[in-house]
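Undergrad: the sequence isn't on hand, but the structure is:
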């Protein structure tokens, strides 16, 4: 870069830093930082030193004819405009980091566990809360502006988005599927029949639990399943079960299960799955998950309520972790308290308070089965006044105490 060119590029970095509120760096072809406009820069406690982190973002063989948006495994996003002179890579302008959305404390905690790092989470939280939130489209448009200031070429936004997607796709390489099919044929192994899995999903969608479990067992005994991990049989079984639960969740929703219930149940099953340590336990959990989805479809298809009562039931499900009052429900359907109580009891067979209690107990059972919450945590989450009252209501609807149910469920 000659001095005039370098001055021009430094000016771009300064202007973009002031406009977007994220640092901009001018780097040479060796990855050294020649200039930085780093007002607002915060070093991520999880990342290597700044220059090494930035060097990992730029590649000499990547295109310079459009701006590139990259997201790192630290959830941080960067704008990259590669610099070229006479078809030779000369460096890059790099802008970032920013975020699409602030990650939750829980997600950051899991990241630390995954990487085996022992850092104070408060420091991590402070860093991510300090980063600006810039949506993907805004990053693309900013990258187009930088590219124009460098090359004086007008780029189309949709085309740049498409080129970035293509670049991401090219970076993901898989083995030749035709070769793998040939190897499977030579070894007399294959995936199970597509129609067999469709039959299972249809069984869930129609609420036929017996058919679902029989067909699942048949696939397990006659075909086996695919390979989703070559390095670990345990990871392979978990990946297969996760994909099965994802398909079953969609089938349950199509069968009439409320989407919030289906997705929550899916999350809880997968969270429990990650705690298991042998293949037999994993298959049993898969059976339980698919059977539960089929049961819920069957129940939903055999419950027909008027629109006001359906609205009340959905409200109760969606606000189960809140205090739900009769006033909330009467306002929802614009009925008097007496009239709503009367028709609710007529259609459901339960008073409103009984229905709320029963729904909370069903939720408590799921939390006991598939989460790490203690009984006192569950009692508090579901807004019961105290544990003794919770135990009384729980036994009324299940026939056993919470402690006994908790113990039985956690022997899986």
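TA: Received the coordinates, thanks. Because the structure is predicted, anything quoted here is derived from the model rather than measured.

Undergrad: flag the shaky bits of the chain, pLDDT-wise.
TA: Counting by pLDDT under 70, the chain shows low-confidence ranges at 1-4, 40, 115, 117-119, 169-196, 220-231, 301-303, 370, 409-412.

Undergrad: kindly report the domain assignment for it.
TA: Split into domains by automatic domain parsing, the chain comes to 3-170, 181-301, 307-409.

Undergrad: now those as TSV including mean neighbour count?
TA: Backbone N, C-alpha and C define where each C-beta goes, glycine included. Output for the domains of the chain, formatted as TSV (neighbours: other Cβ atoms under 10 Å):
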stretch	mean neighbour count
domain 3-170	16
domain 181-301	17
domain 307-409	16
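
Undergrad: how far is the longest strand along the chain from where the chain is centred?
TA: Counting residues, the longest strand found in the chain (DSSP state E) is strand 88-98. Computed by Cα atoms, centre = their mean, to the nearest Å, the chain-centroid distance of strand 88-98 equals 30 Å.

Undergrad: tell me what that strand is packed against?
TA: Applying 3 or more Cβ pairs under 8 Å, 6 or more residues apart in numbering; DSSP states H and E, one finds that strand 88-98 makes contact with helix 3-20, strand 24-28, strand 77-85, helix 136-151.

Undergrad: looking at this, residue 266 is in a helix?
TA: Yes: assessed with DSSP: H, G, I helix; E, B strand; the rest coil, residue 266 lies in a helix.

Undergrad: going forward, count from 870.
TA: Yes, from this point I'll number from 870; that puts the last item at residue 1135.

Undergrad: distance check, the residue nearest to it when sequence neighbours are not counted against residue 1169.
TA: Using Cβ to Cβ, 6 or more residues apart in numbering and skipping the chain neighbours, the partner closest in space to residue 1135 is residue 1118 (4.3 Å). Per Cβ to Cβ, to the nearest Å, residue 1118 is found 14 Å from residue 1169.

Undergrad: check residue 1230 too.
TA: For residue 1230, the distance to residue 1169 equals 18 Å [Cβ to Cβ].

Undergrad: residue 908 too?
TA: Distance, residue 908 to residue 1169, by Cβ to Cβ: 56 Å.

Undergrad: helix, strand or coil for residue 972?
TA: Residue 972 is classified as coil under three-state DSSP.

Undergrad: wait, doesn't residue 1183 sit right on residue 1128?
TA: No: applying Cβ atoms under 8 Å, one finds residue 1183 not in contact with residue 1128, separated by 10.5 Å.

Undergrad: need the contact list for the nearest residue to residue 968 once chain neighbours are set aside.
TA: For residue 968, ignoring the flanking residues on the chain, the nearest one in space by Cβ to Cβ, 6+ apart is residue 1000 at 4.9 Å. Residues counted as contacts of residue 1000 (Cβ atoms under 8 Å, 6 or more residues apart in numbering) are 911, 945, 966, 967, 968, 971.

Undergrad: again, but for residue 1003
TA: 889, 891, 946, 967, 968, 969, 1011.

Undergrad: now do residue 990
TA: Residue 990 touches 974, 977, 978, 981, counting by Cβ under 8 Å, 6+ apart.

Undergrad: just residue 1023 next, same as before
TA: So, once contact is read as Cβ under 8 Å, 6+ apart, residue 1023 ends up touching residue 1017.

Undergrad: cool, and the one 3 residues further on?
TA: The neighbours of residue 1026, taking Cβ under 8 Å, 6+ apart as the test, are 1006, 1009, 1010, 1013.

Undergrad: name the nearest of these relative to residue 918.
TA: Each of these was checked against residue 918 using Cβ to Cβ; the closest is residue 1009, at 28.6 Å.

Undergrad: need the contact list for the closest one.
TA: Going by Cβ under 8 Å, 6+ apart, residue 1009 touches 936, 938, 1026, 1029, 1030, 1033.

Undergrad: against residue 1182, how distant is residue 1130?
TA: 11 Å.

Undergrad: can you tell me the helix or strand for residue 996?
TA: Taking DSSP states H and E as the criterion, residue 996 maps to helix 990-999.

Undergrad: farthest-separated two in the contacts of residue 1000?
TA: Greatest spacing in the contacts of residue 1000, by Cβ to Cβ: 911 and 971 (13.5 Å).

Undergrad: now the longest strand of the chain against strand 893-897, angle please.
TA: Strand 957-967 runs at 160 degrees relative to strand 893-897, counting by axes from the mean of the first three to the mean of the last three Cα atoms, to 10 degrees.

Undergrad: give me the sheet partners of strand 957-967 and which way each runs.
TA: Using DSSP bridges, the strands paired with strand 957-967 in its sheet are strand 893-897 (antiparallel), strand 946-954 (antiparallel).

Undergrad: sorry, back to before: inside helices: which ones of the contacts of residue 1009?
TA: Residues of the contacts of residue 1009 located in helices (DSSP state H): 1026, 1029, 1030, 1033.

Undergrad: and of those, the nearest to residue 1019?
TA: Nearest to residue 1019 out of the ones in helices among the contacts of residue 1009 is residue 1029 (Cβ to Cβ; 14.2 Å).

Undergrad: was I right about residue 1085 contacting residue 1155?
TA: Yes: in this structure, residue 1085 is within contact of residue 1155 by Cβ under 8 Å, at 7.1 Å.
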